[in-house]
Every structure is written in structure tokens, then in C-alpha cells.
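1. turn this into a structure:
(chains A and B)
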Protein chains: 2
Amino acid sequence: MPRRTDPVAELVERAREGESRSVARLISLVEDESPLLREVMAALAPHAGHAHIIGITGSPGVGKSTSTSALVTAYREAGKRVGVLAVDPSSPFSGGALLGDRVRMQDHATDAGVFIRSMASRGHLGGLAWTTPQALRVLDAAGFDVVLVETVGVGQSEVEIAGMADTTLILLAPGMGDGIQAAKAGILEVGDIYVVNKADRDGVQNLTRDLRSMLGLAERKAGDWTPPILKTVASRNEGVAEVVAAIEDRLSWMSANGVLTERRRARARDEIEAIAMTALRNRFAHLHGDARLDVLATKVANGNTDPYTAADELIAAL
Amino acid sequence: MPRRTDPVAELVERAREGESRSVARLISLVEDESPLLREVMAALAPHAGHAHIIGITGSPGVGKSTSTSALVTAYREAGKRVGVLAVDPSSPFSGGALLGDRVRMQDHATDAGVFIRSMASRGHLGGLAWTTPQALRVLDAAGFDVVLVETVGVGQSEVEIAGMADTTLILLAPGMGDGIQAAKAGILEVGDIYVVNKADRDGVQNLTRDLRSMLGLAERKAGDWTPPILKTVASRNEGVAEVVAAIEDRLSWMSANGVLTERRRARARDEIEAIAMTALRNRFAHLHGDARLDVLATKVANGNTDPYTAADELIAAL
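-> As a prediction, the model looks like this:
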């Protein structure tokens, strides 16, 4: 088949064929808020809605990157295409890593069925960039079966990623006071699957027990998903198959209960709102040189109208 | 004259008669984003546009509160009504003060011609609350001749207050490395009057000389205001009369050159934009339960449209 001459259509086609460079280019267009983005999103729209978006979060040091890497390997063995978005300043994908992790991830870097990308977090508390939903849309439409989003569990990023992902994995590790941290951060309300990593260490029984009793206190309605608690030693690949099995259980449950459809709709809703809000903010920014705003400001400064009435007129003029 | 029965009109009337409690109530309506605010602002509009808004900023420890207090005394002696807005977590008006400062300010607290209010700053860098312009409008319309806005000089608050005030005083003090700090923070571009406080201390000559040479480097057009450099020992009231005289010079210059009108227009512009942006954000927040957004989200989730087209439809529907 001859290549099409429309550059956006060609880029989307190549991304869907699995060319990493084209996928990377599409995400860069998202991050740069390119004027081409509108056309890109229109071209991607018919292909989206198939990926399983999995959030992976937890405090620094619980082994998020090692776990992510182990999950990538497991999904590749099952023949699935895997995308990884790392919104984590301490992630090896973002450059701030221990050498061991970095080497481990480089195995995947040469695998055409894996796409890895780090994204800048918003602000020092590690909140997700507002472009994250659009980057997820790119990976979804590019045909990745599974997209893992790794975020460091500080500030409100766990809550944000849980709102965005289909399935959220909360990672904990013994000996880090995580039981208490978890309760504090409210992450016990957002996890779909709890993974106690580094399960060969002291304190794993206490942590698991604390976690179980705290999850037991959460209110659940009949038919709600019951989050399992699993143990892994991700660095030795122990327990990873069970995590994959739990993720698949969750996917089946979501499909059967309409939750998957609802999650995808919620993600689209956030995305539409973010785009609309940005568009309006840009229009406001352009207003600074606009004669209409000057006219209204003069009227307010002279006491001929009040700022609320002027704001109404401004909104009407947009 | 019998009191009017319209509660907003009555509140505005009492505030204009100098009743502190009514002024305080109006500012609380601003801070709480009260639904009454629109009516309040309409009632205030004809009365605004007379106050001289003076920003006072500088690093912690230069003596902002002592200087503010000395200026309040000087303006009271001249028979003017003075409002003080303290957007400064370390200000005695905000509670975080040395006992001496607090006692000094309490003298003013019993004076009906003085209104003092602390406002929360936005975030840890001490940025001004977005409601600051509206609080200034309340004090202006309530008939205060002079409004002093004290902000701690960290982050971008000096630049923000300079954009909002008619006249900006930059305070410095010897022995704090302020010469260098000043240049770093870019405050040399925003000050209208420079005050070297604690001028009885060592290092005052060096600081004044450094400041003069740095200000000399700034580009100024013919007819531009030339910022004076004054010395004070605010705690002993030394040099305060000269600061007041410089502020009055600046006011005359601004009136003669149309700068005052332009400043007031710019303040109105910021205010209109802030109100309009908030109104739009609120409409977005309400959309979460809106059927139109759900319909659009479903279309996007199903791949029947792309999020940009949906965002356009959403904006059109607002």
C-alpha cells in the first residue's frame, strides 16, 4: 500500500503499525500543545477505546519501577503491546534512577512492542500534567493493549491517576510506615489492587494485616469490586503472575458491570473539560491587547459600571 | 435620614460613613465569594476611583510593618482616612508578629479613621490572593483616601503588587544583602520609591550607593518618573515625613501625566478578567452533572468524535 501524503494521517498510521518514533512524535505534539493536535486527535478518534489503562502508584522506595518493569515483561510474554507513561521524577524512565533499574528498563527499550515515555509532572508535588489524558489517548489509539502509568505517590497524584485509570495498583512495602501513610493519604479509597512488594522483608505480615483491617473498614456495596491484597518480590519476579491475573480479573469484572464504559466516559469528560478550559484561557490571554477589554476597564475605572457586569459582557464577547 | 431597607445598600452606606464593622463585612463577602457580591459591587461602583493605592514590599526583616504603622500615623495627622491590607504571613496584622509591633498597631485599631485587614496569601510563595483587587475596590469605594497594601517580598508578590498599586514602595535595610537580593528579584524595575530603613545601622552608605548605581543602569525615557531613594528609621519616625512627601509628589506626577488613570484602568482590567475567569471555572464545575457533557463524553469514548470538536461544542453551549 502506498504511503498517504497527508502527514498527520501518515504519522497516525505509522504509530498504529508500531513505529515507536511516530508514537513519540505524537506525544510530543500533545506536550507542546501543537496546532496540529486538533487534526491528530480527529485522526486518532476512531481507533481509541481499547487499551486497558493501569495506574501504578506508591511512596518512593516501594519498588514502583521494578514492578512496572516486571509487568511489562509479563505482558510481553503474553504477546501484548505495552505502553508506559512515567509521571515520576524519581523514575528511571525520567532519568533520576539507580543504575540497576536503568539497565533493567533498557531491555524493554529495544523491544518494538514496548513504548516508554516519561512526562513532566506538574509542580513539586508531582501532580499529573494536564496533558496526561491526551497522551493516554495517543497510546490507546496507537493500539497498545495495556498502558501502565507510573506515578510517585505524593500529594494528590494517586487520587488523580485513580480518576484517570481503569485499574489502579497501590504499591506498599514493609518497614516504611506505609500502613499509616496509606491511611493518611486517603489512598485506601482509590486502590483497585494492593500489592505489598519486597515481601521477603521483615514486617510483611504486620503491613498486610493492617492493610486488610483498614480495607475492611471501607464501606462497600454489594456487587462492588473487592480489592485483593497481593504479595510480590518484583526484583525476583515473584508474585507478578498473580498481579497480572488480578488485573485481568478486574478487567473482566469492569466489562461485565459497565464500569469500563463509565471509566472511559469519565476520562473523555476530563479531557474535553481540560481542552475547553485551555482554549478559554488562551482566549483570555489574547484579550490583553483587545480593545473591548480596554473599553470595559475604562467604564469600570470611571465608575460607570461594576466589574461583574463588565465580566458578563466580556464572556458574552468571547 | 432613615436607614434604607435594602441590606446591601445599607451596608455600603454605613461603610462609607466610616463604620469599620461594615467595611470588614464587605471584605468578608469578597473573600467568601458571596452570591451578594455582584450586588455589592454594583452599589460600590459609583463611589470608587478616588483612593491612592500604595504597595509596600520588601524582604522579611526590613521593617515593613513598622514603616506601614508610621505612614498610617502620618496620614492620620494629615486628616486622611487610611485602609491597610496586609498580605503577609509574617505581618503583625496577620498574627505572626513580635509583641512590640503588635502593640504599636493596636494604637491604630481604636482609631475609626483607620481600617486594618489581613488577607490570606495564595500559596507558599506569598502571591496575592486573586480577591485582592476587589478588596481594594471595597476600601476605595468606602472612601479611604489612602490604601496601604503590605506584602512580603518573596516570590512574585512584589511584581504582582506593583501591577496593582498606583505607587510601589520598595523597602530595604542595611546588612541583609538586600542590594544583591533586589537585583535578583527584579524589584528594581517595579519600585516607584525606594526606602532604606534602619538607616542608623552600619552599611547604609554602601547599600544606598549600590542601589543608586543599579537604578542608574535602568533604562528610562524622558518624562518617566525617577524613583527617589530615601532613608528612614521608622521605629523612631525619622524620615517618614519625607516618604509621605515623595508619595504625594508621585501622586501629582501621576495625575498630571495620565498615569493614574492608566493604573486604575489596568486594575479594572485585571479585576474583570479575574471575575470572568472564575465565572467560567464555576460554570465548568457545574457541568459535571450536566447531561450535555455526558453526551459529548460518550461520543468521544466511542470514537464518534474527537475531544477538540467536543470541547468546541461545550464552549458553544456555555
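2. all strands of the stretch 1-150 of chain A, in order?
-> A:52-58, A:82-87, A:114-118, A:146-152 (DSSP state E, counting those that start in this stretch).
3. so which of the ones you listed comes closest to chain B?
-> strand A:52-58 (12.4 Å; Cβ to the nearest Cβ). In this view, the C-beta of every residue, glycine as well, is placed from N, C-alpha and C.
4. who does that closest one pair up with?
-> Strand pairing for strand A:52-58, using DSSP bridges, gives strand A:146-152 (parallel), strand A:167-172 (parallel).
5. give me the low-pLDDT residue ranges for chain A?
-> Applying pLDDT under 70 to chain A flags the ranges A:1-4, A:88-107, A:109, A:120-130, A:153-158, A:177-187, A:287-289.
6. ok, now which ones touch the spatially most central residue of chain A?
-> Geometric centre of chain A, nearest residue: residue A:149, 4.5 Å, by Cα atoms, centre = their mean. Going by Cβ atoms under 8 Å, 6 or more residues apart in numbering or on different chains, residue A:149 touches A:53-56, A:84-87, A:132, A:136, A:161, A:164-165.
7. again, only using 7 Å
-> By Cβ atoms under 7 Å, 6 or more residues apart in numbering or on different chains, the contact set of residue A:149 is A:53-56, A:85, A:87, A:161, A:165.
8. ok, residue A:230 to chain B distance?
-> Distance of residue A:230 to chain B, given as Cβ to the nearest Cβ, to the nearest Å: 30 Å.
9. now the strands paired with strand A:52-58 as a markdown table including distance to residue A:213?
-> As requested, the strands paired with strand A:52-58 are exported to a markdown table (distance: least, Cβ to Cβ, whole Å):
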| stretch | distance to residue A:213 |
| --- | --- |
| strand A:146-152 | 26 |
| strand A:167-172 | 14 |
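10. residue A:227 is nearest to which of those?
-> strand A:167-172 (8.3 Å; Cβ to Cβ).
11. and that closest one, C-alpha only, in CSV?
-> Only the C-alpha atoms of strand A:167-172 are listed here, as CSV (Å, rounded to 0.1, in the frame of the first residue of the first chain):
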residue,chain,number,x,y,z
THR,A,167,-7.4,-0.1,37.3
THR,A,168,-5.2,1.4,40.0
LEU,A,169,-2.5,-0.6,41.7
ILE,A,170,-1.3,0.7,45.1
LEU,A,171,2.2,-0.5,45.9
LEU,A,172,3.4,-0.7,49.5
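12. now for residue A:220, how many residues are close by?
-> 11 (other Cβ atoms under 10 Å in any protein chain shown).
13. ramachandran angles for the residue nearest to it when sequence neighbours are not counted?
-> Counting by Cβ to Cβ, 6 or more residues apart in numbering or on different chains, residue A:220 lies nearest to residue A:226, which is 6.8 Å off, once chain neighbours are set aside. When quoted as degrees, to the nearest 10, the phi and psi of residue A:226 stand at phi -100, psi 110.
14. any idea how far residue A:226 is from residue A:270?
-> Distance, residue A:226 to residue A:270, by Cβ to Cβ, to the nearest Å: 26 Å.
15. now do the contacts for residue A:193.
-> Per Cβ under 7 Å, 6+ apart, neighbours of residue A:193: A:167, A:169, A:227-228, A:230, A:246-247, A:250.
16. take those residues and keep only those in helices.
-> If you go by DSSP state H, the contacts of residue A:193 have A:246-247, A:250 in helices.
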